[in-house]
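> next come a sequence and a model predicted from it.
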Amino acid sequence: MSSIYFIALPLLFGFATPLLAKLGKNGIAYVSTLMQAGLFLLALSLLLSTTWHVEVISIAPPLGISFVLNKASLFFVLLFTFMMMMFSFYYLGLRKTDPYKSEGKFFILINMLLAASIGLVLSSDIFNAYVFFEIAGVSAYILSAYRKTPKALEAGLKYLITGMIASIFLLLAITLIYIYLGSLNLAVLSQTFHTLPYNIKVLISLFLLIGFGFKVEIFPLNFWVTDVYEGSDSLVNALFSGIVVKSYLFVFFHILYLFMPHSEFSTFLIILGVVSMVVAEIVALKQTNLKRVFAYSSLGQVGFIFAVMASENVYALTAALFIVLAHSLAKMMIFFIITSIQRSYNSVNIEILKELNSPFLRVMLLLSMLSLLGIPLLAGFVGKFLALKSFAVSGEFIILAVIVIASLIESIYYFKITANLFSKDTKREKVLLTLSQKVVFSTLALLLIAVGILPWLFSGVINDAAHIMMDNAAYVQALMEVTQ
Amino acid sequence: MIETFLTYLNQDSTITAIVNICSMTLFFIGLFGLLTHRHILRIFISISIMEIAIFLFFIGNTFNKAFTAPLLGDGHTEFIAMNDPIPHAMILTAIVIGMAVFALGVSFAIEYYKLTGKTDINDMNEMGEL
């Protein structure tokens, strides 16, 4: 029954927030943080138990809702709950100096976002996934526009319009699937999808690709991303980059591996990913706004993950999951740092780093950028190395070369930032950092180093996740046993 | 003459064809509006039209006029010769979601208009170039 807790508890908490407001001013914040920490511990305890393999919950089979919690989805659940816990701890420190207006609403939204991201990962029914897709979307739109400044509202509007178009294409794909196959269950689809005529298969796959393409920020469909990142609060960007994109990536590739004609699509998707990586890194060179720089860097990294996942073998997938982990940790840290800087100096221009008076933040920013770049002994290296190795093994040297060149371009703008970071200009007053913020930064930094130095601590979990994500037969069997 | 035409119209395949053609026309009307209009509310309306086209397409393709509503009672004791309830449930959910997102978008647009006085999406360029 444990998989239902991951969705039900955050949702329940979100909707019970008005009642919890009676607990006092700090009640909501602390209870929410405790709940997220509890969910993380629950996920961790599931990871440690050895007898457990897969858990399927089905409400009123053969119809109804079913959730599958296996090692692959558990990896993402762990990641999301951990990230959300870090986010809450960071916010607890931030709220003393600069709380959001109407905090209750803010906690409803972040818990809804958590529930929907986990729901996307767990749900084994494509319409159910659509519902979670929309819940995650709605809470992200509101979070994006939360500040109600012209920029924030513009970001929210852009996010909402692209999200609506994405959901139309996804709905069209679901409609066609139901008309032709009469089922929405992923297990059934996995067994019957190949019987469809070729052109229908391609049509459905294209609609799914367009629908998810907007959300996984892949090249021609990612024009909106940087505006959204710039307009939204940098605190919220940490969620977008650390949690939301990752859940869409998982769902898209899960569906792709399960039933879409992936062998025909694979090359096309790899090229899409690599192109979006190169374009994002080149455009990032010109940016002067820190949020925009890291938004483009996020696009580049997501393109990289997309390309690696699309090459669909277990080694590449292991690499991709390592990159997902490293990227989430590093990007979350970077956006927290930008938030701290912005709250103290009220600017996110790249020049502000020259006057940054906080050795701690400077070291943390440098560490996370080095990790994103893939310097050895840091988390980013493991994933990048494994990914390049898997491309080399499968003999795709052109793609390998393009990725290396894109990383070189990436290093140029990181050097630009680093030069600003260590310039000898006169410094401003010290950046205010509370204890809980320091704890969050240190935890993330320690994890970055730990993944880099001791990758075998994590490789067991990630290997299992990659193997199980590719193992369609086991997924179908587990789902069929319960729903029939 | 008219009777043959009416029987032709009453065939399932004709009805499905009409529904398909109409819903796809509606979809492209919405797409045309989305691509040509620059007013933010018109864009939301165009997107809603596209959504409604998909709802129509789905219901039209899964509905069988020879079957009854999927309800027991009135002499029906078994689920035989009844329409599939799943598309209806799905479309109801999708309508609710679409309406909620539409309302949210309009409320953003109103707030944005109050702050800046802009309604044209070409003018929405608070953010940097590229």
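Looks like it arrived, so ask away.

> can you pull up the most central residue in chain B?
Centroid-nearest residue in chain B, with Cα atoms, centre = their mean: B:Ile52, separated by 0.9 Å.

> tell me the spacing between it and chain A.
Going from B:Ile52 to chain A by Cβ to the nearest Cβ, to the nearest Å gives 10 Å. To be clear about C-beta, it is placed using only N, CA and C from the backbone, and glycine gets the same treatment.

> touching, that residue and B:Ile45? I think so.
No. Assessed by Cβ atoms under 8 Å, B:Ile52 is found out of contact with B:Ile45, at 10.4 Å.

> residue 88 sits in which helix or strand?
Using chain A here. A:Ser88 belongs to helix A:71-94 when assigned by DSSP states H and E.

> my question was about chain B
Taking DSSP H and E as the definition, B:His88 sits inside helix B:85-116.

> count the residues that sit near the closest residue to A:Phe67 other than its chain neighbours.
By the measure of Cβ to Cβ, 6 or more residues apart in numbering or on different chains, the closest residue to A:Phe67 outside its immediate chain neighbours is A:Leu122, 4.3 Å from it. Number of residues near A:Leu122 (other Cβ atoms under 10 Å in any protein chain shown) recorded here: 26.

> and what of A:Pro18?
Using other Cβ under 10 Å, A:Pro18 has 11 neighbouring residues.

> with B:Leu92 instead?
B:Leu92 has 11 nearby residues by other Cβ under 10 Å.

> ok so, going back, now the element after the helix holding A:Ser88, going C-ward?
Using DSSP H and E, the helix or strand that follows helix A:71-94 towards the C-terminus is helix A:103-122.

> in stretch A:303-316, what counts as buried?
Along stretch A:303-316, these residues count as buried under the neighbour rule (16 or more other Cβ atoms under 10 Å in any protein chain shown): A:303-312, A:315-316.

> and stretch A:344-364, by the same measure?
Neighbour counts using 16+ other Cβ under 10 Å place A:344-345, A:348, A:350, A:352-356, A:358, A:360-362, A:364 of stretch A:344-364 among the buried residues.

> any residue of stretch A:133-142 up close to chain B?
Yes. Contact between stretch A:133-142 and chain B is present through A:134, A:137-138, A:141-142 (criterion: Cβ under 8 Å from any Cβ of the partner chain).

> of those, closest to A:Lys416?
Compare each of the residues of stretch A:133-142 next to chain B with A:Lys416 using Cβ to Cβ and the shortest gap goes to A:Tyr141, at 32.3 Å.

> just want the residue of the stretch 301-450 of chain A that's nearest chain B.
Shortest the stretch 301-450 of chain A-to-chain B distance, computed as Cβ to the nearest Cβ: residue-wise this is A:Asn349, at 10.7 Å.

> gap between the residue lying closest to A:Ala43 once chain neighbours are set aside and A:Ile7?
Ranked by Cβ to Cβ, 6+ apart and with sequence neighbours excluded, the top spatial neighbour of A:Ala43 is A:Leu78, at 4.6 Å. Using Cβ to Cβ, to the nearest Å, we find A:Leu78 at a distance of 15 Å from A:Ile7.

> interface residues of chain B facing chain A?
By the criterion of Cβ under 8 Å from any Cβ, the positions of chain B lying close to chain A are B:34, B:40, B:43-44, B:47, B:50-51, B:54, B:57-58, B:61-62, B:84, B:86-87, B:90, B:93-94, B:97-98, B:100-102, B:104-105, B:108-109, B:111-112, B:115-116, B:121, B:124, B:126-128, B:130.

> can you rerun that using 6 Å?
B:47, B:50-51, B:54, B:58, B:61, B:90, B:97, B:101, B:105, B:108, B:111-112, B:115-116, B:124, B:126-127, B:130 (Cβ under 6 Å from any Cβ of the partner chain).

> which among those count as buried?
A residue is treated as buried here by neighbour count (16+ other Cβ under 10 Å); on that basis the buried members of the residues of chain B next to chain A are B:47, B:50-51, B:54, B:58, B:61, B:90, B:97, B:101, B:105, B:108, B:111-112, B:124, B:126-127.

> farthest-apart pair in the residues of stretch A:133-142 next to chain B, please.
Using Cβ to Cβ, the two most remote members of the residues of stretch A:133-142 next to chain B are A:Glu134 and A:Ile142, lying 12.7 Å apart.

> shared neighbours of the two, anything?
Between them, A:Glu134 and A:Ile142 share no contacting residue under Cβ atoms under 6 Å, 6 or more residues apart in numbering or on different chains.

> neighbour count for A:Leu78 and A:Ile7, which is higher?
Neighbours were tallied for A:Leu78 and for A:Ile7 using other Cβ under 10 Å; the higher tally belongs to A:Ile7 (24 against 20).

> give me the buried positions along the host helix or strand of the more buried one.
Secondary structure assigned from DSSP H and E places A:Ile7 in helix A:2-20. Counting neighbours by 16+ other Cβ under 10 Å, one finds that the buried residues in helix A:2-20 are A:3, A:6-7, A:9-11, A:13-14, A:17, A:20.

> give me the distance from the following helix or strand past that helix to the chain's centre.
In the C-terminal direction, the helix or strand that comes right after helix A:2-20 (DSSP H and E) is helix A:27-48. Taking Cα atoms, centre = their mean, to the nearest Å, one finds the center of helix A:27-48 at 19 Å from the center of the full chain.

> tell me what angle helix A:27-48 forms with helix A:103-122.
An angle of 20 degrees separates the directions of helix A:27-48 and helix A:103-122 when computed by axes from the mean of the first three to the mean of the last three Cα atoms, to 10 degrees.

> contacts for helix A:27-48?
Identification of contacts with helix A:27-48 by Cβ under 6 Å, 6+ apart yields A:13, A:17, A:20, A:77-78, A:81-82, A:84-85, A:88, A:92, A:104, A:107.

> likewise for stretch A:438-455?
Outside of stretch A:438-455, the residues within contact range by Cβ under 6 Å, 6+ apart are A:86, A:89-90, A:329, A:333, A:364, A:367, A:371, A:377-379, A:381-382, A:458.

> redo that, cut-off 7 Å
With Cβ atoms under 7 Å, 6 or more residues apart in numbering or on different chains as the contact definition, stretch A:438-455 has outside contacts at A:86, A:89-90, A:325-326, A:329-330, A:332-333, A:336, A:364, A:367-368, A:371, A:377-379, A:381-382, A:457-458.

> quick one: buried ones out of the residues you listed?
Using 16+ other Cβ under 10 Å as the threshold, A:86, A:89-90, A:325-326, A:329-330, A:332-333, A:336, A:364, A:367-368, A:371, A:378-379, A:381-382, A:458 are the buried ones among the contacts of stretch A:438-455.
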